[in-house]
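Q: no sequence on this one, just coordinates:
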Ligand SMILES: Nc1ncnc2c1ncn2[C@@H]1O[C@H](COP(=O)(O)OP(=O)(O)O)[C@@H](O)[C@H]1O
Ligand SMILES: [Mg+2]
């Protein structure tokens with residue numbers, strides 16, 4: 001399928017929050033190709049969520065810009081959708097009602113009712129459509145949120161550690177399914193994670209960030225077939241390489257802190 005997703009360009013982006021002296025993000029330059037899954041990986045606090053919110057138009061950088069298909073992002077758009085760690089569903093509604101919300105808000109639900117049914121089937125909730133979302137497990141609730149995000153046919157799906165609250169089995173299953181959906185539907189996906197295995201399991205390209213300030217310090221392509229076989233030697237070598245990159249980053253930071261204190 002040809003990719004209908006968007007290209008994202010981030011150029012010379014830096015950000016310092018109000019009342020702070022040091023930048024949270026510094027000099028970020030990144031191209032995210034359409035139809036691919038890009039993972040942003042880094043330690044807690046390195047600025048991943050901040051960067052994702054800037055791509056979504058929820059935060060404006062103090063310097064530089066995010067461009068999507070050559071347009072500078074200045075506000076949120078229905079063309080890109082954000083999904084968080086907590087599925088943020090309405091507890092009094094059914095699975096179907098929650099999944100349909102984006103379409104209801106945009107006034108297109110009546111035309112696209114079938115799409116909601118298909119998506120709920122696709123994410124494995126065929127038998128749960130009439131249930132109240134509170135009757136579902138955490139993994140099933142995250143599937144509802146995924147169906148809701150996909151229902152509005154976004155060009156870009158932004159995922160902020162969406163699986164970190166799930167058990168290991170559900171997590172790896174959803175990682176496989178979501179990367180498959182992304183590629184089958186030609187959606188550009190940007191995944192924020194601190195989980196090395198998640199990045200290698202899902203991404204075409206892994207972007208490595210350091211902290212204080214948040215900077216891009218490396219990139220790693222993952223050229224393995226989907227769904228990825230986690231028992232493959234190549235898979236585990238890539239995991240090790242990524243882990244080693246983080247050790248190098250830590251050493252380099254320690255050195256530069258020592259130098260600036262000297
Ligand atoms: N609204 C804000 N005002 C001030 N500082 C913030 C704000 N949001 C985040 N930060 C700080 O920016 C840094 C990066 O945060 P965040 O983007 O959430 O990191 P990550 O998602 O990588 O864990 C943290 O030090 C955090 O405390
Ligand atoms: Mg975060």
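A: Received it, and whenever you're ready, just let me know what you need. The model shown is predicted, which means the values in this text are computed figures rather than measured ones. Ligands and ions are numbered 1, 2, ... in the order given.

Q: relative to residue 54, how far out is the nearest residue to residue 119 once chain neighbours are set aside?
A: Distances taken as Cβ to Cβ, 6 or more residues apart in numbering put residue 147 closest to residue 119, at 4.2 Å, once the chain neighbours are dropped. Yep, even glycine has a C-beta here, placed from its N, CA and C like the rest. Computed as Cβ to Cβ, to the nearest Å, the residue 147 to residue 54 distance reads 26 Å.

Q: likewise for residue 69?
A: Distance of residue 69 to residue 54, given as Cβ to Cβ: 16 Å.

Q: more crowded one of the two?
A: residue 54 (22 against 13; other Cβ atoms under 10 Å).

Q: in a helix, that's where the more buried one is, yeah?
A: Yes. According to DSSP: H, G, I helix; E, B strand; the rest coil, the state of residue 54 is that of a helix.

Q: what pLDDT does it get?
A: With respect to pLDDT, residue 54 has a value of 96.

Q: also residue 4?
A: With respect to pLDDT, residue 4 has a value of 64.

Q: break the chain into its domains for me.
A: Per automatic domain parsing, the structural domains of the chain span 8-79+157-261, 88-153.

Q: wait, does the first one contact ligand 1?
A: Yes. With Cβ under 6 Å from any ligand atom as the threshold, domain 8-79+157-261 lies in contact with ligand 1, specifically through 17, 24, 42, 44-50.

Q: buried ones among those residues?
A: 24, 42, 46-50 (16 or more other Cβ atoms under 10 Å).

Q: which of these are the two that sit furthest away from each other?
A: Within these, 24 and 42 form the most distant pair, 11.9 Å apart (Cβ to Cβ).

Q: between those two, which contacts overlap?
A: Residues touching both residue 24 and residue 42 (Cβ atoms under 8 Å, 6 or more residues apart in numbering) are residue 214.

Q: of all the residues of domain 8-79+157-261 next to ligand 1, which two lie farthest apart?
A: Once Cβ to Cβ is applied, the residues of domain 8-79+157-261 next to ligand 1 give 17 and 42 as the farthest pair, at 17.3 Å.

Q: thinking again about what came up before, among the buried ones among the residues of domain 8-79+157-261 next to ligand 1, which are in strands?
A: Among these, no member is found in strands (DSSP state E).

Q: which one of the residues you listed is nearest residue 207?
A: Looking across those and measuring by Cβ to Cβ, the closest to residue 207 is residue 42, at 8.7 Å.

Q: my read: the closest one touches residue 211, true?
A: Yes. Judged on Cβ atoms under 8 Å, residue 42 makes contact with residue 211 at a distance of 6.4 Å.

Q: quick check: which ranges of the protein have low pLDDT?
A: 1-5 (pLDDT under 70).

Q: which helices and strands sit right next to the longest helix along it?
A: Longest helix of the chain, by residue count under DSSP state H: helix 233-261. For helix 233-261, the packing partners by 3 or more Cβ pairs under 8 Å, 6 or more residues apart in numbering; DSSP states H and E come out as helix 196-202, strand 205-210, strand 215-221.

Q: so can I have a markdown table of those showing mean neighbour count?
A: A markdown table is the format used below for these (neighbours: other Cβ atoms under 10 Å):
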| stretch | mean neighbour count |
| --- | --- |
| helix 196-202 | 24 |
| strand 205-210 | 22 |
| strand 215-221 | 16 |
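
Q: of all the ones you listed, which lies closest to residue 87?
A: Closest among the helices and strands packed on helix 233-261, using Cβ to Cβ: helix 196-202, at 17.3 Å.

Q: just checking, what packs against the closest one?
A: strand 37-41, helix 168-185, strand 188-193, helix 233-261.

Q: what's it in contact with?
A: 37, 39, 41, 163, 171-172, 175-176, 178-179, 191, 193, 206, 222, 228, 230, 235, 238-239, 242-243, 246.

Q: pull out the buried members of those.
A: Counted by 16+ other Cβ under 10 Å, these give 37, 39, 41, 163, 171-172, 175-176, 178-179, 191, 193, 206, 222, 228, 235, 238-239, 242, 246 as buried.
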